[in-house]
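**Student:** build the 3D model from these lines:
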Amino acid sequence: MQFIRTFIPALIFVLCGTSVVMAQTTKPADVQYLLQLKSELALNDLQFNAMDTLFFQTGEQISAIDKEIQNISRSNMPEEERMAQIRDLNAKKKTLRESRDLTVELMLTPQQLAIYKEKIKPAKPSVIHMGMNHDRSQCNVCVPQ
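**Tutor:** Below you'll find the predicted structure:
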């Protein structure tokens, strides 16, 4: 139900063709991600405007959660309760990002989706590994050659 309430407005913007300029609530990493989508996938104007709106709305929701986390961090509640609430809010942020990425996938053509899954967002490998500045799209383990 949350998914529907979150992304129906984005679909309305898609159908109306309305363009929304990214605001201050969108994090620089998300702006870079959106620009990478546009350049790598050759998005048309309708797709780009829809994704711009989607990223803006998700950015606003994540910013609100971040403010809530800050307020909880400063509160006088017991440590266990504070950490539990922060953990729940971080899980909510993760769900928002995953929903955003799923919506992005739904907006792509089959050809764009293949490029997206290969270059931009490859699947997580079954082998657990990591490193400083790990980039799954450039990793030899994450993307088999």
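
**Student:** helix/strand/coil for Met77?
**Tutor:** With DSSP: H, G, I helix; E, B strand; the rest coil as the basis, the three-state label of Met77 is coil.

**Student:** what of Gln32?
**Tutor:** Gln32 - assigned by three-state DSSP - is helix.

**Student:** going forward, the N-terminal residue is numbered 18.
**Tutor:** Noted, 18 is the first residue going forward, which turns the last one into Gln49.

**Student:** number of residues surrounding it?
**Tutor:** Number of residues near Gln49 (other Cβ atoms under 10 Å) recorded here: 10. Backbone N, C-alpha and C define where each C-beta goes, glycine included.

**Student:** quick check: it vs Leu130, distance?
**Tutor:** 20 Å (Cβ to Cβ, to the nearest Å).

**Student:** now Lys138: how far from Tyr50?
**Tutor:** Here the criterion is Cβ to Cβ. By it, Lys138 lies 9 Å from Tyr50.

**Student:** those two: who's more crowded?
**Tutor:** A count of neighbours by other Cβ under 10 Å puts Tyr50 above the other of Lys138 and Tyr50, at 19 against 15.

**Student:** what sits against that one?
**Tutor:** For Tyr50, the contacting residues are Phe72, by Cβ atoms under 8 Å, 6 or more residues apart in numbering.

**Student:** and for the one 3 residues further on?
**Tutor:** Residues touching Gln53, when contacts are defined by Cβ under 8 Å, 6+ apart, comprise Ile137.

**Student:** flag every buried residue along the helix or strand hosting it.
**Tutor:** Counting by DSSP states H and E, the element that carries Gln53 is helix 45-58. Across helix 45-58, burial judged by 16 or more other Cβ atoms under 10 Å covers Asp47, Tyr50, Leu51, Leu54, Lys55, Leu58.
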